[in-house]
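K.L.:
Okay, here's the prediction I keep looking at, along with the sequence it came from:
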Amino acid sequence: MSEYIEHDKDANSVGIVEKKSYTFAEPPMEMVLESGAKLGPVTLAYETCGTLNASRSNAILVLHALSGDSHVAGYYKAEDDKPGWWDNMVGPGKGIDTNKYFVVCSNVIGGCMGSTGPCTINPKTVLPYGLDFPVVTIGDMVDAQKALMDHLGIKKLLAVVGGSIGGMQVLEWCTRYPQMVTAAIPLASTTRHSALTIAFNEVARQAIMADPKWNNGEYYFGPKPDLGLAVARMIGHITYLSDESMRHKFGRRLQDKSDFSFNFDADFQVESYLRYQGKKFVERFDANSFLYLTKAADYYDLEIQHGNGSEVHAFSKTNAKFLVVSFTSDWLYPTYQSRSMVKAMKKNGLDVSFCEIEAKWGHDAFLLSNERLFALIRGFLERVYRESQK
Amino acid sequence: MRFDLQIIASWIEPGSRVLDLGCGEGDLLKFLIHQKGATGTGIEHNESKVTQCIEKGLSVLQGDINEEVLDYPENNFDYVILSQTLQQVYEPDTLIRAMLRIGKKGIVSFPNFSHWGCRLQLLLSGYAPVTKQLPYAWYNTPNIRVITIKDFRKFIRDVGFNILKGVAINTHSENRYGNIIAVLPNLRATYGIFLIGNGT
């Protein structure tokens, strides 16, 4: 979930990409959300890489996690310091090979990276929505993406791929539009958040809402709740790592000093890291979006929404081929949650592959460069593509 | 492909649905899919082998075979294969029953502990036998079950199933070549391979 972690310039890149947008659900034809509320017009920011083949059978939809966006790979301009958030996976000859596949990635609704969210202008008031923005769900995000697929003329997706909250969207795609999904790859994901994950999200939300500058979500014309959002991000970063990775990365090492300062400056490297991550995040992310997106993820419950409380029943609605991947040190979306969905898929006789990758980097592992993950995704996609061409 | 796997493959009807328990690097599954038009799934404990399988385009789950067999619907497969793993299973009867619940037929192969080589070693040296098929010392072997071809036939009767087909072979563990032993198999064969099921 900490997209933009450590990406260096890579000779093997999709190159220059362009952020596009698609607007639909113009009033009075608004989108009806799961809550019953209406939203329109709806804009989705999206990017594509690779080429859609003549039979339109090589499209892969990549779904980003909490803080990601449509910029999955490549650069907007040659001078950019950093490529898209999954540039190590998406590109020519990479795990998701853009020489073979047409990759689409859109920013979710409720987000703040070009799609309609709490920071966009409400046409009724001509002011930013703020808390007037309706609460959106994972299902609503998927419905909006479906509209984008219709717009792009894609009737069937070769694969839907995503990690974390992106993985929830993968599962939702498979249950909501089973006829459109040939294969699915939920990475480091779950059908429903654990109490632990909801608890961390709640503390993060409270940090934002306790910041006086948050002002009930109305801060777009004044100072922003940067402190609250930075703390929220710091909490997030702790949950994306693991005890082992933090020991490895920071230990008790001090930052640019040999002794304690005996005040409340950042003495430890881990403190300095978290402060830096928090500070960086507020430059690019909207606090209200953080509230909306974490809430959508906390509300998500595939069992309840699609299976009357039964995970097995929920997966009976799907017919995709699955590749499920978890990581040993991920305590935010632990392996037992992936195993549980695999079990439900098996009980339905679905074609499912599963691998738990040994990794010490916690939840973040799915975003990091990992040969084993590349091999799994590359091999799985090649097979499902071959089988889909028969 | 290993000689014992070639025999297993020859028993499988084209177009079958197959589950390979302990599928290793997926050689048998790959052969069955490409040569026999089978649809197959494998279960393998080792992460690196699982990755190699999925990379080859196989559908494979990482997990413990004893647990993973429990989650499939009844008769989900035409064949459930347990190749050279029975001797490492803690509860063989539970596993065999689970195999024949989720599959119509089972195929089981194992190293034959009553091969004359084993017998001679024990008789002459007095040490627990160490052979090419069972290359471990008693204290580090994963092979916790000592099975002979005779034992297996009796075991299958005891758990209430039938042997539909059986062959004893002489081959080395990783060898592509071998021969079928018709005379005195319990004494002369290094491996036994059996097709088991409810019918006759």
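P.N.:
Yep, that arrived. Residues are numbered from 1 along each chain as shown, chains lettered A, B, ... in the order given.

K.L.:
Give me every residue in chain B that's in contact range of chain A.
P.N.:
B:41, B:47-48, B:50-52, B:54-63, B:68, B:71-73, B:76 (C-beta under 8 Å from any C-beta of the partner chain). All C-beta atoms are positioned from the backbone trio N, CA, C, and that covers glycine.

K.L.:
got the contact list for the single nearest residue of the stretch 1-150 of chain A relative to chain B?
P.N.:
Closest contact between the stretch 1-150 of chain A and chain B, by C-beta to the nearest C-beta, is at residue A:95 (10.7 Å). Taking C-beta atoms under 8 Å, 6 or more residues apart in numbering or on different chains, we find residue A:95 in contact with A:89, A:373-375, A:377-378, A:381.

K.L.:
Please apply the same query to residue A:331.
P.N.:
A:196, A:239, A:242, A:362-363.

K.L.:
now residue B:188
P.N.:
Listed by C-beta under 8 Å, 6+ apart, the contact set of residue B:188 reads B:115-116, B:168, B:170, B:181.

K.L.:
and it, what are its phi and psi?
P.N.:
phi -110, psi -10 (degrees, to the nearest 10).

K.L.:
Tell me the spacing between it and chain A.
P.N.:
To chain A, residue B:188 is 40 Å away according to C-beta to the nearest C-beta, to the nearest Å.

K.L.:
Poorly predicted segments of the chain, please.
P.N.:
As the question left the chain open, I've gone with chain A. For chain A, residues meeting the criterion pLDDT under 70 lie at A:1-11.

K.L.:
not quite, I wanted chain B
P.N.:
Applying pLDDT under 70 to chain B picks out residues B:173-174, B:200.

K.L.:
Which of the contacts of residue A:331 sits closest to residue A:252?
P.N.:
Distance ranking of these against residue A:252, using C-beta to C-beta, places residue A:242 first at 16.5 Å.

K.L.:
Can you report phi and psi for that closest one?
P.N.:
Per degrees, to the nearest 10, the backbone of residue A:242 is at phi -150, psi 170.

K.L.:
show me the residues around it that make contact.
P.N.:
Per C-beta under 8 Å, 6+ apart, neighbours of residue A:242: A:329-331, A:360-363.

K.L.:
which non-adjacent residue is nearest residue A:273?
P.N.:
Nearest non-adjacent residue to residue A:273, counting by C-beta to C-beta, 6 or more residues apart in numbering or on different chains: residue A:250, 6.5 Å away.

K.L.:
so what's that neighbour up against?
P.N.:
Neighbouring residues of residue A:250 by C-beta under 8 Å, 6+ apart: A:268-270, A:273.

K.L.:
Counting neighbours, which of the residues you listed comes out on top?
P.N.:
residue A:270 (20 neighbours; other C-beta atoms under 10 Å in any protein chain shown).

K.L.:
just checking, that one touches residue A:246?
P.N.:
Yes. Using C-beta atoms under 8 Å, residue A:270 is in contact with residue A:246, at 6.3 Å.

K.L.:
For chain B, just list every one of the strands.
P.N.:
B:17-21, B:39-44, B:59-62, B:77-83, B:103-111, B:162-170, B:179-181, B:191-197 (DSSP state E).

K.L.:
so which of those gets nearest residue A:160?
P.N.:
That would be strand B:59-62 among the strands of chain B, by C-beta to C-beta, at 17.7 Å.

K.L.:
Residue A:390: neighbour count?
P.N.:
Neighbour number of residue A:390 under other C-beta under 10 Å is 4.

K.L.:
That one belongs to a helix, doesn't it?
P.N.:
No. The assignment for residue A:390 (DSSP: H, G, I helix; E, B strand; the rest coil) gives coil, which keeps it out of a helix.

K.L.:
Give me the distance between it and residue B:31.
P.N.:
19 Å (C-beta to C-beta, to the nearest Å).

K.L.:
what does chain A have sitting close to chain B?
P.N.:
A:321, A:323, A:339, A:342-343, A:346-349, A:351-358, A:372, A:375-376, A:378-380, A:382-383, A:386.

K.L.:
Report the buried residues of stretch A:279-297.
P.N.:
A:281-282, A:285-297 (16 or more other C-beta atoms under 10 Å in any protein chain shown).

K.L.:
Closest to chain B out of the residues you listed?
P.N.:
Nearest to chain B among those, counting by C-beta to the nearest C-beta, is residue A:297 at 26.1 Å.

K.L.:
wait, that closest one sits on residue A:191?
P.N.:
No. Assessed by C-beta under 8 Å, residue A:297 is found out of contact with residue A:191, at 11.7 Å.
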